[in-house]
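fold the following.
(chains A and B)
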Amino acid sequence: MKLRNVFTLYTAGFAALVIIIGILESIGVLQLQGISWIFMGFSVLVYAMIGFITRTSEPTEYYVAGRGVSSIYNGMATGSDWMSASSFISMAGLLFALGHAGLAYIMGWTGGYVLLALLLAPYLRKFGQYTIPDFLGARYEGNVARTIGIICAIVVSFTYLTAQLTGVGIIVSRFIGLPQDVGIYVGLLGVLVCSFLGGMRAVTWTQVAQYIVLITAYLIPAIMISTTIFKVPVPQLTYGQVLQSITVMENQIAGRDNPNLQSVPEERRNKRIDPAKEKETRALWANDVKMLSARLSNPDSALKAMAAEVDARLAALTPEAVGAKKAALEKEKADINAMLSSSATPALDEAKRTELSARLSAIDAELVTLTPEAIAKAKEKAEKDKAALPKTVDEAKTKWSAALATAKAQLAPPKPYLAVPEGMGMVNFLGLLFCLMLGTAGLPHILTRYYTTPSVKQARSSVGWSLFFIFLLYFTAPAYAAFARYEVFINLVGTPISELPGWIARWKIVGLFDVVDKNGDGIVQFADFIVKSTDFVVLATPEIAGLPGTITGLVMAGGLAAALSTADGLLLTISNAISHDLYYKIINPQASVSTRVWISKILLVIIALGAATFAAFVKLPVIANTVAWAFSYAASSIFPALVLGIWWRRTTAAGAVAGMIVGLVISIYYSFAHFNGAADWFGIDNRSAGLFGIPAAFLVTIIVSLVTPEPSKKLQEFVYSVRFPKGAMKGKEVEALGASS
Amino acid sequence: MQETKDKARAQEESVDMSAELEEFERTGQLSQEQLQNYWKENRNLVLTLLAIWAASSFLLQALASVLNNVVILGFPFAYYMGGQGTLIIFMLLIYVYAKKMDELDRKYNLQEEEEEK
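Sure thing, here's the model as predicted:
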């Protein structure tokens, strides 16, 4: 059967499944939990089946899919290899939170493909090796460069891999309710079946299948929301109007001038927004900040004072204390009554009389709080407060710091969504953009994909297809972010706390966000909405828009496909770097073909388990943050070595090795040093660590190359020959080369 | 300055001539000069496209606060470009590159043999 027919059939089958589940849900047979199980079971089963059908132990098939993947399918596979949990789940959330500054991710993660197409892909294909360390080893003649290449590839891919497995864990735990750690291992199984059985060949075809799932899952909810609001099913066009609504409502909340108020139709504004109440709520958060900062400046005594206060309250509630107080109040009451009715003191003037009556009603009010029921209630509350007190100073510090961070985030009025970053903000924005672009072009698991095309010509067009398939998701992400922000402003703000929409209740439990009634007026203000994880933008949008649970299940399947496909590619890259580059090329060049493939398969299992354990124990801060570091690492080590190696024949082995080491070390140092508050060079954000690593790597490579003897004539001629597509080796020839070298 | 550098590099390139390229010359009737012209055309194409790449992303975003005064269909211009427009330019750049390089390959008779599939 032709490939196209296979995938048409597959897509139709997938659509049929979604429709059947939708029908079952509408007649009430299925709940969200059940839907999620079916989606997860179905997708992992299909991926495993593809892995089984395409199983192989042939090295060319195993390492580079026989170099027979045409440019469109390679583009699709690269697309899902590329689009990870962070693209699918986190990116729209970043845009939601960052506004204009978030566009760095959209442009950065696509612009890198231009560099890849123009500077690297065709030449790598002409070189015709198996892995990126292979290229470095051949170009820089020797095992030193190869070893550094292996280390760079592993550091970059491993950082990225743990982020993906964390993503899988989050998805599985949120939808199915398994603990996150268990979720990580479930996801692992899905990844392993594929890469273990058929290496690059199985991974490629699974990734094509995964692409179809993830792009459907991303586009459908956005299209449906756009249709609901505007009756036009093109979210990418309609969200411009939404941007204007957002700006107007933000200005209302913040109490800023609203020049464009009239240009936005009334039905796309929220009349319930109350600037005064918003201001009041923000002021309460500001109070919290003051209180918590004071506590944190001297946590020890603050904690003691709090404990003393609770104890005093409890002491006042013992039967003896209550009895004594009651007696005292009763006595005072009797005295006053006597004084008022006594004729012995006729000099009692009107003012004194009023004062005494007031005191009398105050006493009555206080007596009510001393009824047995009221005492029991107060006691319960005091005991609860006591139990909630942090047990140790350390615990108190952690708790208060977290509360302080929340309060700090809530006290400011919403930042204008469309505001362009200024000053250092602009520098960091462009810096991140630069790092992400160069990093994209330096990621080993993406670079190896261009070894799998049949020719140089196809490698060039394949990059274009990759970008097209990535583009479909990326140009929808800003629409997602805008719709989510719009829904929060228009439907959530001003709603009575007692009538919160269903999606709030459901996603609050999972800990994506929280709604607290800070000023106790029973109405939600924007400052009452606490975002704990911006991931809610993609995960909850279907429900926010009132779409059925089937669509939410579909989003889960999409997120899973995105995370699994990327994890697959990364896992393969790491194990190949070790089995092919380290073991075969350096340790045991006599190893037979089957030994090499088997070692690679065993390594897959070990590395996967290692990464999963790492992800389960070291909880990574935010997926996108971790991923941003991986980009800086790749951009400052692999990218310079490849670009200079191809475009400048004078680059020497010593230069490349020195450049890679310096670049990588600087980037890693800068991304971690901020934890100790050490490094803050020129106010550059740690996510743009590459801003120092990249120029350093280029500079060191060039300088060291110039002071070391130029590469051998033979090598320079070889580099020269890579510039011309003619004579590119085909699959079998490369394999022969691999066997003879 | 740039020109003299280019010349120096061209000279340097003409010195080395690999066995493989000699083979090219014999079978494909390609002279060293033609190979160099091919590479030069390739390099100029890449540099032009990279200039557009940088302008449509870095330069455009650096000027975002000015460009955002233009609003089309609700989209401030720089925001639209960052979310969509620049991405379309990126795709066009790769498309143009692949197409031009195919033409260049044929012009210098450097295209690969067809796959035997």
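
most remote residue from the middle of chain B, which is it?
Distance from the C-alpha centroid of chain B peaks at B:Gly74, with 34.5 Å (C-alpha atoms, centre = their mean).

quick one: contacts for it?
Residues touching B:Gly74, when contacts are defined by C-beta atoms under 8 Å, 6 or more residues apart in numbering or on different chains, comprise A:239-244. Heads up, the C-betas are built off the backbone N, CA and C, glycines and all.

which one (most neighbours) among these?
Going through the contacts of B:Gly74 with other C-beta atoms under 10 Å in any protein chain shown as the criterion, the one with the most neighbours is A:Tyr239, at 29 neighbours.

related to what we said a few turns ago, which of the contacts of B:Gly74 come close to chain B?
Residues of those in contact with chain B (C-beta under 8 Å from any C-beta of the partner chain): A:239-244.

which SS state does the residue of the stretch 301-450 of chain A found nearest chain B fall under?
Residue nearest to chain B within the stretch 301-450 of chain A: A:Val420 (4.3 Å; C-beta to the nearest C-beta). For A:Val420, the secondary-structure state derived from DSSP: H, G, I helix; E, B strand; the rest coil is coil.

ok, it touching B:Ser65?
Yes - counting by C-beta atoms under 8 Å, A:Val420 does reach B:Ser65; the two are 4.4 Å apart.

what about the residue most central in space within chain B, distance to A:Trp647?
For chain B, the residue sitting closest to the mean C-alpha position, by C-alpha atoms, centre = their mean, is B:Val46 at 2.1 Å. Here B:Val46 is placed at a distance of 9 Å from A:Trp647 (C-beta to C-beta, to the nearest Å).

re the thing from before, what do A:Val420 and B:Ser65 both touch?
B:Ala78.

contacts only, for A:Tyr140.
Remark: with contacts taken as C-beta under 8 Å, 6+ apart, A:Tyr140 is in contact with A:146, A:641, A:645, A:651-653, A:656-657.

near chain B, from these?
Residues of the contacts of A:Tyr140 in contact with chain B (C-beta under 8 Å from any C-beta): none.

okay, and which of these map to helices?
For these, membership in helices holds for A:146, A:641, A:645, A:653, A:656-657, with DSSP state H as the criterion.

now for these: which two are most distant?
Pairwise distances across the ones in helices among the contacts of A:Tyr140 (C-beta to C-beta) peak at 12.6 Å, for the pair A:Arg146 and A:Gly645.

need the overlap of contacts for these two.
A:136, A:140.

phi and psi next, for A:Ile132.
Taking degrees, to the nearest 10, you get phi -70, psi -40 for the backbone angles of A:Ile132.

longest helix of chain A?
Chain A, longest helix under DSSP H: helix A:180-230.

return the distance of that one from the chain's centre.
The gap between the average C-alpha position of helix A:180-230 and the chain average comes to 16 Å, counting by C-alpha atoms, centre = their mean, to the nearest Å.

toward the C-terminus, what is the element adjacent to it?
Of the helices and strands lying after helix A:180-230 in sequence (DSSP states H and E), the nearest is helix A:235-254.

output the contacting helices and strands for that following helix.
helix A:180-230, helix A:275-297, helix A:477-487, strand B:75-76 (3 or more C-beta pairs under 8 Å, 6 or more residues apart in numbering or on different chains; DSSP states H and E).

so which of those is the most packed in?
When neighbours are counted by mean count of other C-beta atoms under 10 Å in any protein chain shown, the highest per-stretch mean among the helices and strands packed on helix A:235-254 falls to helix A:477-487, a mean of 25.

residues touching it, excluding its own?
Looking at helix A:477-487 with C-beta under 8 Å, 6+ apart, the contacting residues turn out to be A:87, A:91-93, A:95-96, A:102-103, A:106, A:221-222, A:225-226, A:229, A:235-236, A:238-239, A:242-243, A:245-246, A:417, A:536-538, A:540-541, A:544-545, B:83-84.

now the strands for chain B?
B:71-72, B:75-76 (DSSP state E).

burial check on residue 60, number of neighbours?
Chain wasn't specified; assuming chain A. Neighbouring residues of A:Thr60 were enumerated by other C-beta under 10 Å; the total is 22.

I was after chain B.
By other C-beta under 10 Å, 19 other residues sit near B:Leu60.

pretty sure it sits against B:Thr86.
Yes - B:Leu60 is within contact range of B:Thr86, at 6.9 Å (criterion: C-beta under 8 Å).

list the contacts for the closest residue in space to A:Val516 that isn't next to it in sequence?
What sits nearest to A:Val516 in space, not counting adjacent residues and going by C-beta to C-beta, 6 or more residues apart in numbering or on different chains, is A:Asp528, at 5.6 Å. When contacts are counted by C-beta under 8 Å, 6+ apart, A:Asp528 touches A:281, A:515-518.

flag the shaky bits of chain B, pLDDT-wise.
Using pLDDT under 70 as the threshold, the predicted model of chain B has low-confidence ranges B:1-30, B:113-117.

would you map out the domains in it?
Per the record's domain assignment (automatic domain parsing), chain B is made up of the domains B:1-30, B:31-107.

need the residues that contact stretch A:413-433.
Counting by C-beta under 8 Å, 6+ apart, residues outside stretch A:413-433 touching it are A:99-101, A:104-105, A:107-108, A:111, A:243, A:246-247, A:250-251, A:253-256, A:278, A:282, A:482, A:485, A:526, A:628, A:683-685, A:687-688, A:691, B:57-58, B:61-62, B:64-65, B:68, B:76, B:78-79.

grab the nearest non-local neighbour of A:Arg449.
Ranked by C-beta to C-beta, 6+ apart and with sequence neighbours excluded, the top spatial neighbour of A:Arg449 is A:Thr78, at 4.7 Å.

count residues in the vicinity of the one you found, would you?
The burial metric for A:Thr78, expressed as a neighbour count using other C-beta under 10 Å, is 30.
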